[in-house]
Structure formats: C-alpha cells, structure tokens
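Peer 1: Next come a sequence and a model predicted from it.
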Amino acid sequence: MRVAYITINDAHALGPKSEWSGTAYYIGRALEQRGVEVDYLGPLQFSPLSRAITKIKRLFYQNFRNKKYLKDPDPFTLKLLSDQAAQKLKKQKYDVVLSATVNPIAYLKCDLPIVFWADATFANTANFYPEYSNLCKETIENGHIMEQLSIQKCRSAVYSSEWAAQAAKNTYGADPAKVNVLEFGADLDNSYSLTEVKSLVDARPKEKCRLLFLGKDWIRKGGNKALEVTKLLNESGLKAELLVVGCSQISSVPLPSYVKNIGFISKLSDDGRKQLSELIASSHFLILPTIADCSPIVFCEACSLGVPCISTDVGGIPSIIKDNINGMKFSLEAPAEQYCEFISATYSNYVTYKKLAISAFHEYEERLNWLVAGQALEKILADASDST
C-alpha cells in the first residue's frame, strides 16, 4: 500500500517547524514501521498573496471590529494548499491519501480515497482555546465550511478522542460508520519492559511526593492550580515538590522553595529527550489541571514510564486518562483540596500507588503507543483503499 501523506509543514523529520508539534512525524513513522510505503507531500507553501490577504483581514477585524480573523480556515489559503497537494498527487500512483488535520484536504480535488486524523473539529476549538475565542463571523463560517467539506469528502475520519468524534457526528452530521477514535502515542521513544518500569517506580523518592508540571502555557495548563495543590500538600504535612518544565513565565514570583522551575527542554535532541524521560520517570505524578486541551500527548509519555496522570475532565482528556486506572480527572470547578485528597490517599499507601503506576504503564502498552496506533491506522487506510 502506497500512502500519499499530506501535511502543511514538514513531517519527514523532527525540527523547529515540525508539523503538529512533531505528532505528524510520529504518525508517518508509525506507518513506515508497519512496512507501509509513505510519500511525504509536505511542506506546502503559503504564497505572498495569501499571506497579504489574511494579514489585511486580520488587521481589519482587529482594529475595526475588535475580533480575531484566523488564517487557518481562510478559503483562499486552503484552496492554494489543496491545489499544491493535487499537483503533487499527479506525480505518482497512490492507493490512499492521508492528511494530518483537515486543513490541507478541505478543498482537495482528487479521485483517491481520503483519510484524515485530527485531534478536534472546528466546533471543538471555537471558544475553547483562548486563541480561538472572540472570532469574527467570517472566520467562524470559514471554519465550519472547512470542517464540513473535509468530513463529506473523506472515506474515513479519525479523531484522537471521543470528544472530537462526537462533535463530528453531532455538529457536522458525519456518518458514524466513517468515524474512528484512535488515541495518539507517546512522542518519547521509551521502550521499557514491565520489570524496568517497576524498578523506576521503586526508585522514586520516598521522603517527598514529586509532582511534575509539563507544559508551555502556565495559565491554560492550570499552573496556578498545580501550585496551590503543592502548597496545600505541604501545609497538610505531606512533603511535596513541584517540578515545572516548559514554562518561560510563572505567575508566582518569587517561587516557594518547594517549586523548581527547570525551564524549557527540547525534544529535538537526544539529550533533551533523555532529560525529559528522566524527569518524568523520577516523578510520582504528572499534574496538569488544564483549562482547555484536546489530546495532550504528555499523558501518553507519562504512562510510558509508569507515572499516573492528574488532570481535568475537559476536551479529549477523558479518552486518555481513565480514573483510578492511569490517573484521575477532576472537574474544572474542583478545589485544590480534592486533588490533595487523591494524591495523599494514593501516595501515603505506597502499595496503592505502585498498583496505579503499573496500571498506567499497562495503558501505555495496550493503547497509548505508536505501535498500536500504527497498526490500527494501517487497517483504516487499507479498508479505505479496498473500498474504491
């Protein structure tokens, strides 16, 4: 099976401008490891004219309407990208088209079966993420049209969460027969055995509970809640430490002694990936009380090292975190005390904690890795190809 893999940016290798923060790279690699022939048709180019048009519209809505105009669903830009993809498709014979996100294929004209993999629909993200809030009417209309066109023309729509899949069916009328839910894998190449993960769990510090906050956006990812939880744990008599990775700015300055701000660590280098893996492996919990998120891959990475995840019941997170199996979810309104009760009860009984940690690793082995994802995606693509 030969797959035409369409991405806006470069997905053939990891780099500063990798498509979809590197996820698109792992999708392609997962297929290649299955023996699938993958042709990378990205990156696609934005023309000076399309950039100028979207810039003018953005400035107009910003200055005269106090609204946001987004270039992502702009029809002129999307048609330009689809035309480029169509030209590249003519150069070889393919069995099926795979797109990372819907953007490159919304206006694509081709006779091949199309499959896309996304972490959300436009309906999911509008007024959910801060950058997708206060949108102008034109952008909202463009976004819904982009989504509708892509769902109608695809042979299979793959989403990383039930939250996104339900929006495709409920908001855009997607045929349930063509909608699939397939979780992403971990973007750290960990291949530990169960015995090795048990050793990692046993090696975690016994004198204090180590919480890891891993994310760039301190506010959206719930940094203040994580800080409050750590503070309350210490005040209750359970010695706790909060490691913060990825944030350039933290709202609490100066930081308490129990908070260590490690800064940004790049996954693009072997040393960076090794350092991230070591930090995760030495932590008792990954805590990310996020306000808005689609499918945070960091949860998969934590599970790959036997680290339970603590987060919120929002977006696509319920498809990743299963309560008391690989972590715990709380409502957005839940006070820090509820987090503390769960952490204290679990950590204080280390037999209970170890059971949860190993269960988290089993979740990674069974469904939150790229080997499983690649196998499932290969079947979806083969089915799409065979149905022509």
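Peer 2: Looks like it arrived, so ask away.
Peer 1: can you give me the strands for the stretch 151-300 of the chain?
Peer 2: 156-159, 179-181, 209-214, 240-245, 259-263, 285-288 (DSSP state E, counting those that start in this stretch).
Peer 1: helices and strands around the second one, which ones?
Peer 2: Taking 3 or more CB pairs under 8 Å, 6 or more residues apart in numbering; DSSP states H and E as contact, the helices and strands that strand 179-181 lies on are strand 156-159, helix 162-172. (Each C-beta comes from the backbone N, C-alpha and C, glycine too.)
Peer 1: One more pass at 10 Å, please.
Peer 2: In terms of contacts (3 or more CB pairs under 10 Å, 6 or more residues apart in numbering; DSSP states H and E), strand 179-181 is packed against strand 156-159, helix 162-172, helix 370-386.
Peer 1: Buried ones in the second one, by neighbour count?
Peer 2: Same thing as helix 162-172. Neighbour counts over helix 162-172 (16 or more other CB atoms under 10 Å) mark W163, A164, A165, Q166, A167, A168, K169, T171, Y172 as buried.
Peer 1: what sits against the fourth one?
Peer 2: Think Q166. When contacts are counted by CB atoms under 10 Å, 6 or more residues apart in numbering, Q166 is found next to T121, N124, Y159, A174, V179, V181.
Peer 1: So for the second one, what's the nearest residue that isn't a sequence neighbour?
Peer 2: Ranked by CB to CB, 6 or more residues apart in numbering and with sequence neighbours excluded, the top spatial neighbour of N124 is A167, at 5.0 Å.
Peer 1: Please apply the same query to the third one.
Peer 2: Taking CB to CB, 6+ apart, and ignoring the residues beside it in sequence, Y159 has A165 as its nearest neighbour in space, at 4.4 Å.
Peer 1: now swap in the first one and tell me
Peer 2: Nearest non-adjacent residue to T121, counting by CB to CB, 6+ apart: A167, 4.5 Å away.
Peer 1: any idea how far E183 is from that neighbour?
Peer 2: 16 Å (CB to CB, to the nearest Å).
Peer 1: How about R51?
Peer 2: Taking CB to CB, one finds R51 at 35 Å from E183.
Peer 1: the more surrounded of the two?
Peer 2: Legend: neighbour count by other CB atoms under 10 Å for R51 and E183, higher for E183 (23 against 12).
Peer 1: returning to that earlier point: out of the helices and strands packed on strand 179-181, which is closest to S359?
Peer 2: Smallest distance to S359 across the helices and strands packed on strand 179-181 (CB to CB): 16.8 Å, for helix 370-386.
Peer 1: Give me the buried stretch members for that closest one, please.
Peer 2: So for helix 370-386, counting by 16+ other CB under 10 Å, buried means W370, V372, A373, G374, A376, L377, E378, I380, L381, A384, S385.
Peer 1: contacting residues around L14?
Peer 2: Applying CB under 10 Å, 6+ apart to L14 gives the contacts S21, G22, Y25, Y26, R29, D187, S266, K267, L268, S269, R273.
Peer 1: Just give me the closest of those to V201.
Peer 2: Out of those, the member with the shortest distance to V201 (by CB to CB) is R273, at 20.6 Å.
Peer 1: Which pLDDT value does the model give the closest one?
Peer 2: On the pLDDT scale, R273 is placed at 90.
Peer 1: Max pairwise distance over the contacts of L14: which two?
Peer 2: Largest separation among the contacts of L14 by CB to CB: R29 and S266, giving 18.5 Å.
Peer 1: Between the two, point out the one with more neighbours.
Peer 2: Using other CB under 10 Å as the criterion, R29 and S266 rank with R29 on top: 19 against 12.
Peer 1: What's the separation between the more buried one and A157?
Peer 2: 22 Å.
Peer 1: between the strand or helix carrying A4 and helix 370-386, how big is the angle?
Peer 2: Here A4 sits within strand 2-6, counting by DSSP states H and E. Here the directions of strand 2-6 and helix 370-386 differ by 110 degrees (axes from the mean of the first three to the mean of the last three CA atoms, to 10 degrees).
Peer 1: Could you list the paired strands of strand 2-6 along with their orientation?
Peer 2: strand 37-40 (parallel), strand 96-100 (parallel) (DSSP bridges).
Peer 1: Report the next helix or strand after the shortest one in sequence order.
Peer 2: In this case it means strand 37-40. Sequence-wise, the next helix or strand downstream of strand 37-40 (DSSP H and E) is helix 48-60.
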